[in-house]
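Enquirer: Mind looking at a prediction? Sequence and model below.
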Amino acid sequence: MNLRLRLRLHPDYIRAIMFGTEDALISTTGSIIGISVGIENKNLILLASLVYITVEAVSMAAGQFLSERTIHQIYKEKHTDNLYIGSGVMFLSYYLASMIPLIPFLLLPVKTADFSAIAVAYVALFAIGYVKGKALSVPPTRSGLEMLLIGGLATLIGVLVGFLLRIA
């Protein structure tokens, strides 16, 4: 039985979950690592990260609402998805997934947290891609690797920018 049937979620909500989760893991990990490479003050890293996560989660929810509303207005046909639920799902997916790479910075010294945040984000990216592959009956390892490679590239860009712009 596939995931869509078991969960009985509207496809738009499933899309919001996948988009919010993968985007959070990719952009938040790249941003947090970029910030931590640029400055090693744990309190500033946590402050900047929490501000970033909150603003991005709200922005993603607003984007979900406005883009879905636009589709509803373009086609002017009855849609079965609820715009408020969809934007709430996006917010929660983004916010919760963003906590994954932040947790090491709450628990560990900055230098250790850097590598740990990357590792947990990479594991989460692969796992989400793998589960998606299983749920959609596509090769799960390929799906996991695809998500891992795309997310890994974004993280490396964040690290590079943080390193190039670091504060002495």
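Expert: That came through fine. Residues are numbered from 1 along each chain as shown.
Enquirer: What segments of this protein are helices?
Expert: For the chain, the helices defined by DSSP state H occupy 3-7, 11-23, 29-38, 42-75, 83-107, 110-135, 140-164.
Enquirer: which of the ones you listed sits most buried?
Expert: helix 29-38 (a mean of 24; mean count of other CB atoms under 10 Å). Where C-beta positions appear, they are placed from N, C-alpha and C, glycine not excepted.
Enquirer: For that one, which helices and strands make contact with it?
Expert: Packed against helix 29-38, as judged by 3 or more CB pairs under 8 Å, 6 or more residues apart in numbering; DSSP states H and E, are the following elements: helix 42-75, helix 83-107, helix 110-135, helix 140-164.
Enquirer: Low-confidence ranges, the protein, go.
Expert: 1-7, 168 (pLDDT under 70).
Enquirer: What separation is there between the most centrally placed residue in the chain and Thr70?
Expert: Closest residue to the average C-alpha location of the chain: Ala24 at 1.7 Å, with CA atoms, centre = their mean. Applying CB to CB, to the nearest Å, the value for Ala24 to Thr70 is 23 Å.
Enquirer: that older thread, distance to Thr28 added to the helices and strands packed on helix 29-38, as JSON lines?
Expert: Output for these, formatted as JSON lines (distance: least, CB to CB, whole Å):
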{"stretch": "helix 42-75", "distance to Thr28": "6"}
{"stretch": "helix 83-107", "distance to Thr28": "4"}
{"stretch": "helix 110-135", "distance to Thr28": "8"}
{"stretch": "helix 140-164", "distance to Thr28": "9"}
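Enquirer: nearest to Tyr13, of those helices?
Expert: helix 83-107 (5.0 Å; CB to CB).
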